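K.L.:
fold the following and give me the result.
(one chain, ligands or ions: 2)
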Amino acid sequence: MNILILGAGGREHAFAWKISQSPNCSRLFIAPGNAGTAQYGTNIELIQTDFPAIKKACLKNKINMLVVGPEEPLVAGISDFFNADPELTHIPVIGPSASAARLEGSKAFSKRFMQKHGIPTAGYREFDTDHFAEGSEFLKTHKLPIVLKADGLAAGKGVIICNSHVEAMAEFELMLQQNKFGEAGRKMVVEEFLDGIELSVFVLTDGDHYVLLPEAKDYKKIGEGDKGPNTGGMGAVSPVPFADKAFMEKVKKRIIEPTIQGLKVDQIDYRGFIFIGLIKVNEEPVVIEYNCRMGDPETEVVLPRLKNDLVSLFRAVADKKLNEIDIEIDKRVTATMVAVSGGYPGSYEKGFPITGLDKCDKDSLIFHSGTKMVDGQVLTNGGRVLCVTSFAETLPNAIRKSMEVLKHIDFESMYFRRDIGYEFL
Ligand code: AMP
Ligand code: GLY
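P.N.:
Ligands and ions are numbered 1, 2, ... in the order given. Below is the predicted model:
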């Protein structure tokens, strides 16, 4: 079958790499893709939320399956758009409906969902512009630190952890009264701070059944030792040593199963990935967020460990037959390190040539995030530029191998964290 992947990052490069290995994929397209995805299929220049343009590309290229990488088109309803159009209904969309994508698209919705279905999460209150005064009063006596979250999508910047009441009140005002996050911040969630270590869990569901993919841990801060501002993700490792059998059993029983069941009870059709961000608090898993997609750079360590044919998995999602699939996981460790443009996550320049991409060892993979091909030369085209994933029997060796590959790669003001996986070494 012909498959179209929507998206442009390292996650989509990893999808393209994996899907291109499938005997079930005839032709692969990526929209808009990057210089890395072009090695595995045909890039199509279009905007991810331009649904009529996506429709046109699907019909022209006889697409039989659409795999959606990022959250934005899902929250905007691409799945519903395909289901409602008689010319497109034969194309299964791997990604949930807009209603289901609210698990990521609205923090207030996801908190209410968790509370209703008894899923462990931090205590919270939600406030909108009409309840600003009430919210300010509530903040005054709230235990520190205080977590403030914009309700809607805010490109990963909508969470602020405040260490004083003064800071919390000021941020609260900026969000609700001064539109700091635009529409996304006109409603907000005020949440208790959870102290513990984070873990990302990935579930693929057809709405009735689910499979659990390898877990991962990502490193969000720009600086070594988890210092400085948040980024999209500077690296990831899989497996995560503390996510042992007993812990993952708790995750299944207390979080994943009630989530799938809750979606059914609430009659929310969900076909696609659920990425659950957890914190381990005193040996117990607590949910900090749901995402309606795979993580980036987590996908770049998760998919390399997945032995199954990804297209067969997606076919089973479309046919509601995931119960017939057994997941097979490579026992080896994967680690990925992300190389970014100097200045990121603040302002940075683009368009610098990248060299050394041909010096990759057999145990490593280079996934492009922000790159483009111009006149046969790969150029930087984003904050996160590329990542190097390596396989090894142990985490230190996987890190060493990625570092070795990164030594040969160069572009103007390239930076990467050398301490990925530090707490497990
Ligand atoms: P999110 O955008 O929901 O992924 O949140 C971004 C980051 O903020 C998370 O990865 C956590 O590190 C942190 N965070 C979110 N909620 C909490 C919380 N309730 N307690 C502690 N940290 C949190
Ligand atoms: N790496 C975190 C995310 O994809 O949201």
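
K.L.:
tell me where the stretch 201-350 of the chain has helices.
P.N.:
Taking DSSP state H, counting those that start in this stretch to define them, one finds helices in the stretch 201-350 of the chain at 245-251, 257-265, 299-302, 310-318.

K.L.:
strands along the stretch 51-200 of the chain, start to end?
P.N.:
Applying DSSP state E, counting those that start in this stretch to the stretch 51-200 of the chain gives strands spanning 65-68, 93-94, 124-128, 146-150, 159-162, 187-192, 197-205.

K.L.:
any chance of those strands in TSV, with mean neighbour count, mean pLDDT and distance to ligand 1 too?
P.N.:
Every residue, glycine included, has its C-beta placed from N, CA and C. Converted to TSV, those look like this (neighbours: other Cβ atoms under 10 Å; pLDDT from 0 to 100; distance: least, Cβ to the nearest ligand atom, whole Å):
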stretch	mean neighbour count	mean pLDDT	distance to ligand 1
strand 65-68	25	98	19
strand 93-94	26	98	22
strand 124-128	18	91	8
strand 146-150	23	91	4
strand 159-162	18	90	4
strand 187-192	22	92	5
strand 197-205	21	97	6
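
K.L.:
how about those in TSV, adding distance to G383?
P.N.:
Formatted as TSV, those follow (distance: least, Cβ to Cβ, whole Å):
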stretch	distance to G383
strand 65-68	22
strand 93-94	26
strand 124-128	30
strand 146-150	20
strand 159-162	18
strand 187-192	26
strand 197-205	20
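
K.L.:
between those strands, which one is closest to G370.
P.N.:
Closest to G370 of the strands of the stretch 51-200 of the chain is strand 65-68 (Cβ to Cβ; 19.3 Å).

K.L.:
follow-up on the earlier one: of the helices of the stretch 201-350 of the chain, which stretch is the most buried?
P.N.:
Across those, averaging neighbours per residue (mean count of other Cβ atoms under 10 Å) puts helix 299-302 on top, at a mean of 30.

K.L.:
can you give me how far that one is from the chain middle?
P.N.:
Between the centre of helix 299-302 and the centre of its host chain there is 10 Å, according to Cα atoms, centre = their mean, to the nearest Å.

K.L.:
do the same with stretch 109-127
P.N.:
Centre-to-centre, stretch 109-127 and its host chain are 21 Å apart (Cα atoms, centre = their mean).

K.L.:
dump that stretch to PDB, restricted to CA.
P.N.:
Written as PDB, here are the backbone C-alpha positions of stretch 109-127 (Å, rounded to 0.1, in the frame of the first residue of the first chain):
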ATOM      1  CA  PHE A 109     -10.200  18.200  29.600                       C
ATOM      2  CA  SER A 110      -7.500  15.700  30.400                       C
ATOM      3  CA  LYS A 111      -7.600  16.500  34.100                       C
ATOM      4  CA  ARG A 112     -11.300  16.100  34.200                       C
ATOM      5  CA  PHE A 113     -11.000  12.800  32.300                       C
ATOM      6  CA  MET A 114      -8.400  11.500  34.800                       C
ATOM      7  CA  GLN A 115     -10.400  12.600  37.800                       C
ATOM      8  CA  LYS A 116     -13.600  11.000  36.400                       C
ATOM      9  CA  HIS A 117     -11.900   7.700  35.700                       C
ATOM     10  CA  GLY A 118      -9.800   7.400  38.900                       C
ATOM     11  CA  ILE A 119      -6.400   7.800  37.100                       C
ATOM     12  CA  PRO A 120      -3.700   9.100  39.500                       C
ATOM     13  CA  THR A 121      -2.700  12.600  38.700                       C
ATOM     14  CA  ALA A 122      -1.700  15.800  40.600                       C
ATOM     15  CA  GLY A 123      -4.500  17.700  42.400                       C
ATOM     16  CA  TYR A 124      -5.700  20.700  40.400                       C
ATOM     17  CA  ARG A 125      -8.200  23.500  39.800                       C
ATOM     18  CA  GLU A 126      -9.100  25.100  36.500                       C
ATOM     19  CA  PHE A 127      -9.700  28.900  36.000                       C
END
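
K.L.:
how near is the nearest residue to I325 once chain neighbours are set aside to ligand 2?
P.N.:
Nearest in space to I325, with sequence neighbours left out and distances taken as Cβ to Cβ, 6 or more residues apart in numbering, is A316 at 5.2 Å. Noted for A316: a distance of 24 Å to ligand 2, by Cβ to the nearest ligand atom, to the nearest Å.

K.L.:
how much space between A316 and ligand 1?
P.N.:
Distance, A316 to ligand 1, using Cβ to the nearest ligand atom: 29 Å.

K.L.:
list the residues that contact that residue.
P.N.:
A316 is in contact with D206, L322, E324, I325, counting by Cβ atoms under 8 Å, 6 or more residues apart in numbering.
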